[in-house]
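K.L.:
Turn this into a structure:
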Amino acid sequence: QVQLAESGGALVQAGDSLRLSCAASGSTINTYNVGWFRQAPGKEREFVAGITRSGGSTPYADSVKGRFTISRDNAKNSVYLQMNSLKAEDTAVYYCAASISVGAIYYSPSEYNYWGQGTQVTVSS
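P.N.:
The predicted structure follows:
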């Protein structure tokens, strides 16, 4: 069973960049597909980006495509989310999640088995 811990959230201004980290313990993260999700107040949790075990597939939500990049460093047992050109609407708690499912990245939170505690990203305009 893997434990996940996010870090890197902060209060930034529109146009700034942030890199979120998701550190795994208890298991090697390269045995899971990993997704980043976010949840803004009063809204449902939504898919942001995902990366397969091999790193060969990295789908993104349309709202972040071209601005966010997901990557993994298996040597550090971590997955990252580089966020550039941040907008006020990116404000949310960001979660990383691991899925034991094989194959393609799933967009539904229900397909993920393990979750971190979340990290707050606030973008002021």
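K.L.:
List the residues that contact the residue lying closest to Ser125 once chain neighbours are set aside.
P.N.:
Distances taken as CB to CB, 6 or more residues apart in numbering place Ala88 nearest to Ser125, at 4.2 Å, with adjacent residues excluded. For the C-beta atoms, the positions are set from N, CA and C on the backbone; glycine is no exception. By CB atoms under 8 Å, 6 or more residues apart in numbering, the contact list for Ala88 reads Ala14, Val123, Ser124, Ser125.
K.L.:
In this model Asp16 seems to touch the last one, though I could be wrong.
P.N.:
Same thing as Ser125. No: Ser125 sits out of contact with Asp16 when judged by CB atoms under 8 Å, with a separation of 11.3 Å.
K.L.:
Would you mind telling me which of the two has the busier surroundings?
P.N.:
Set Ser125 next to Asp16 and count neighbours by other CB atoms under 10 Å: Asp16 wins out with 14 against 10.
K.L.:
Surely the more buried one is within a helix?
P.N.:
No: Asp16 is assigned coil when assessed by DSSP: H, G, I helix; E, B strand; the rest coil, not a helix.
K.L.:
Now the closest residue to Ser101 other than its chain neighbours. Its backbone dihedrals?
P.N.:
Distances taken as CB to CB, 6+ apart put Glu111 closest to Ser101, at 5.8 Å, once the chain neighbours are dropped. Main-chain dihedrals, Glu111, degrees, to the nearest 10: phi -90, psi 0.
K.L.:
ok, now which ones touch the spatially most central residue of the chain?
P.N.:
Geometric centre of the chain, nearest residue: Trp36, 2.2 Å, by CA atoms, centre = their mean. The contact partners of Trp36, by CB under 8 Å, 6+ apart, come to 20, 22, 47-50, 70, 79, 81, 94-97.
K.L.:
Could you do Leu18 as well?
P.N.:
Residues near Leu18 by CB under 8 Å, 6+ apart: Gly8, Gly9, Ala10, Val12, Gln82, Met83, Leu86, Val121.
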